[in-house]
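dropping a prediction and its sequence here:
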Amino acid sequence: MPETEGSVTNPEIGTLCRQFSSLIHAEVNILDIMDALHAQSSNPYLREVLESVREDLEMGRTLATGFSRYPQTFSPFFISMVRKGELEGELDRIFADLASHFETRLEDTPDAHRLRGAAFDWESGAAVFQWMFAWVVALLASCAFGIGALIYANQIGAMRGNLAANICLLLGIVLLLVVLLLGRGRKG
């Protein structure tokens, strides 16, 4: 962790991202990129942060993990974009997008400081909604498939008994399986 107290402005983050994008696009080694960014920065606090992130990279941690250790400087938006770039192998594009974002910010106050009092994290909310929507669609699809199979089996005479009761049993089993799957790994 940096020993120097300080902050980084949006223009400085924008410049950092633009340089990172250019160097990664030129296929420069990421450790060499961190060295170059460290050497080019005039902000002593940012230099210490970059040195610490470089050390994290040498220890096998991801770039997003290194940046996430400085929430006072790098916002959750920044961290999630870097993580996305690492996963998709498109760090050059992601850092170019981040550079555009930070270069267009009018205030010098970093995004991380503006987000401290935020009541709701829209990015996390959207991720949770997307996850829930996928499970609801999967649940509806499995129910529709099961009900269709029961109706078909009933019509061709392959199934005996009350159709409504069989459909209720199927729905109960599917819902129980979903509850078990969603509850797995949750800590109480």
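That came through, no problem.

now name the helix or strand holding the most centrally placed residue in the chain.
When CA atoms, centre = their mean is applied to the chain, the residue found nearest the centroid is residue 80 (4.3 Å). Using DSSP states H and E, residue 80 sits in helix 76-88.

excluding its backbone neighbours, what's nearest residue 53?
residue 66 (3.6 Å; CB to CB, 6 or more residues apart in numbering). All C-beta spots, glycine's among them, are computed from the backbone N, C-alpha and C.

quick one: residues contacting the one you found.
52-54, 56-57 (CB atoms under 8 Å, 6 or more residues apart in numbering).

and what of residue 33?
So residue 33 contacts 20, 23-24 (CB under 8 Å, 6+ apart).

residue 23 too?
Contacts of residue 23 (CB under 8 Å, 6+ apart): 32-33, 36-37.

now, which of the residues you listed lie within helices?
Per DSSP state H, helices hold the following members of the contacts of residue 23: 32-33, 36-37.

if we take these, which one ends up nearest to residue 180?
Distances from residue 180 to the ones in helices among the contacts of residue 23, taken as CB to CB, are shortest for residue 33 (46.0 Å).

quick check: PyMOL command selecting the buried ones in the contacts of residue 66.
To isolate the buried members of the contacts of residue 66 in PyMOL, using 16 or more other CB atoms under 10 Å:
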select buried, resi 52+53+54+56+57
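
against residue 100, how distant is residue 45?
24 Å (CB to CB, to the nearest Å).
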